[in-house]
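# Structure for this input, please:
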Amino acid sequence: MDFRQLESFLTVTKYNSFSKASRDLFLTQPALSNQIKNLERELKTPLFDRKGKSIELTPAGKLFRDYAIELIKKKETALFEINDLMDKFDGMIELPSSTVPGETIVPKLVSDFLDAHPGIKFKLYSMDTSDVLDSISDHKYSIGFIGSKPGSDFDYIKVFSDDMVFIGPATSLLDSNPLKLDGVARLPLIVREEGSSSGNIIGTELNKHGLSRDSLNIVAVTENIHVIKELVACNAGFAFVPRSSVESVQNNRIHIYELEDFNSQRDFYFIRHKSSLLTPIEEIFSEFVFSNARED
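Next comes the predicted model:
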């Protein structure tokens, strides 16, 4: 058993896919499969239940995953401390974020951190808040940014607040501003996929006004806020988006409306699981985020 096998095993568990893991590791799929088979042979038990194209961890795989994570974290800690003795500071931070913080606050935080620690590299992932929470709970990652307050299993700090605005094409201006929600519901709408915190907030406000997602005139669904804005600019419809995502948009393409009786303020958080063993680099980045958080 070697660290390369452990890292390959954990990468497969991260993606639940040999093909995605092989691309991430720059290995051929047969080479990756051979590593896992050798590891299973040494442990004398299957680690994955292979069901056609889908895979999932066996009970032994779930048990071994926790030990593998601990071993990899200890290896990274040892390397960090050795490098520190030689005045070297390098390593990798894997950082999942939900869409809004990933497009607003994360780039500045990462840039400022790299200025202070130029030897560090980042691997950034964009996903829904629920997926960030699930992946950190499953110990696929150790830290991340999300768009809703996490449960008691997490340490967290609020990093910024935002609210939702309604946008439409500048070529098709509506008569009133602010707009009423019941009138907005009849317009052709472009929305984010279910599972996003933005979608949950909109759903809550719709319910307060006796409306539901099913009652909306939805013409397109996408997870990408940039795609939403471009669709609106091209006159495909209207959309609810975070204010921070359109503050710099040129008004000759998109018009921003306020919504009447629409309470959409939401907070964004940096989180880490209480049971996660962080590497020294993750600890340093966490302390950096906590010291720079704009909590009010």
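# which residue ranges form the helices in the stretch 101-250 of the chain?
105-116, 129-137, 181-184, 197-208, 225-233 (DSSP state H, counting those that start in this stretch).
# Columns mean neighbour count, mean pLDDT and distance to residue 252 on top of those helices, output as CSV?
Where you see a C-beta, it was placed from the backbone N, CA and C, and this is true even at glycine. Output for the helices of the stretch 101-250 of the chain, formatted as CSV (neighbours: other C-beta atoms under 10 Å; pLDDT from 0 to 100; distance: least, C-beta to C-beta, whole Å):
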stretch, mean neighbour count, mean pLDDT, distance to residue 252
helix 105-116, 15, 92, 25
helix 129-137, 20, 91, 33
helix 181-184, 17, 80, 22
helix 197-208, 18, 78, 25
helix 225-233, 19, 90, 9
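# Adding distance to residue 247, write those helices out as CSV.
Shown next, in CSV, are these (distance: least, C-beta to C-beta, whole Å):
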stretch, distance to residue 247
helix 105-116, 13
helix 129-137, 21
helix 181-184, 21
helix 197-208, 16
helix 225-233, 12
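# who wins for proximity to residue 89 among those helices?
Minimum separation from residue 89 across these (C-beta to C-beta) falls at helix 105-116, 9.7 Å.
# Identify whichever of the helices of the stretch 101-250 of the chain lies nearest to residue 257.
Going by C-beta to C-beta, the one of the helices of the stretch 101-250 of the chain nearest residue 257 is helix 181-184, 8.5 Å.
# which residues touch the closest one?
By C-beta atoms under 8 Å, 6 or more residues apart in numbering, the list of residues contacting helix 181-184 from outside reads 166, 205-206, 209, 211, 238, 259-262.
# Okay, and which of these map to strands?
residue 166 (DSSP state E).
# Produce a ChimeraX select command limited to the buried residues of the contacts of helix 181-184.
In ChimeraX syntax, the buried subset of these is picked out as below (16 or more other C-beta atoms under 10 Å):
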select :166,205,206,211,238,259,262
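# pLDDT score assigned to residue 188?
For residue 188, the model assigns a pLDDT of 94.
# Show me what it bridges to in the sheet.
residue 217 (DSSP bridges).
# Verify the stated contact: it with residue 235.
No: Residue 188 is beyond contact range of residue 235, at 9.6 Å (criterion: C-beta atoms under 8 Å).
# middle-most residue in this protein, spatially?
residue 97 (2.7 Å; C-alpha atoms, centre = their mean).
# Identify the bridge partners of that one.
Bridge pairing for residue 97 - DSSP bridges - gives residue 126, residue 145.
# Can you show me the strands along this structure?
So, for the chain - with DSSP E - the strands run 48-51, 54-57, 91-97, 120-126, 143-146, 154-162, 164-169, 188-191, 217-221, 239-242, 254-257, 266-273.
# quick one, which of the ones you listed is packed in tightest?
strand 143-146 (a mean of 26; mean count of other C-beta atoms under 10 Å).
# got the CA positions of that strand in PDB?
Output in PDB follows, covering the C-alpha atoms of strand 143-146 (Å, rounded to 0.1, in the frame of the first residue of the first chain):
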ATOM      1  CA  ILE A 143     -13.700  23.600   3.800                       C
ATOM      2  CA  GLY A 144     -15.900  25.600   1.500                       C
ATOM      3  CA  PHE A 145     -18.300  28.500   1.000                       C
ATOM      4  CA  ILE A 146     -22.100  28.200   0.900                       C
END
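# quick one, what contacts the residue nearest to the centre of the chain?
Residue 97 touches 106, 124-127, 132, 144-146, counting by C-beta under 8 Å, 6+ apart.
# Could you list the low-confidence segments of this protein?
83-88, 195-197, 248-251, 294-296 (pLDDT under 70).
# what about the longest helix in it?
Taking DSSP state H as the criterion, the chain has its longest helix at helix 59-85.
# Check which helices and strands that one sits against.
Helices and strands touching helix 59-85, by 3 or more C-beta pairs under 8 Å, 6 or more residues apart in numbering; DSSP states H and E, are helix 3-15, strand 91-97, helix 280-292.
# could you redo the last one with a cut-off of 10 Å?
Using 3 or more C-beta pairs under 10 Å, 6 or more residues apart in numbering; DSSP states H and E as the contact test, the elements touching helix 59-85 are helix 3-15, helix 29-43, strand 48-51, strand 54-57, strand 91-97, helix 280-292.
# which of the contacts of residue 97 sit farthest apart?
For those, the maximum inter-member distance is 14.3 Å, found between 124 and 146 (C-beta to C-beta).
# Nearest residue to residue 48 in space, please, no chain neighbours.
Spatial nearest neighbour of residue 48, excluding adjacent residues (C-beta to C-beta, 6 or more residues apart in numbering): residue 55 at 4.8 Å.
# what is that neighbour paired to in the beta sheet?
Counting by DSSP bridges, residue 55 forms beta bridges with residue 50.
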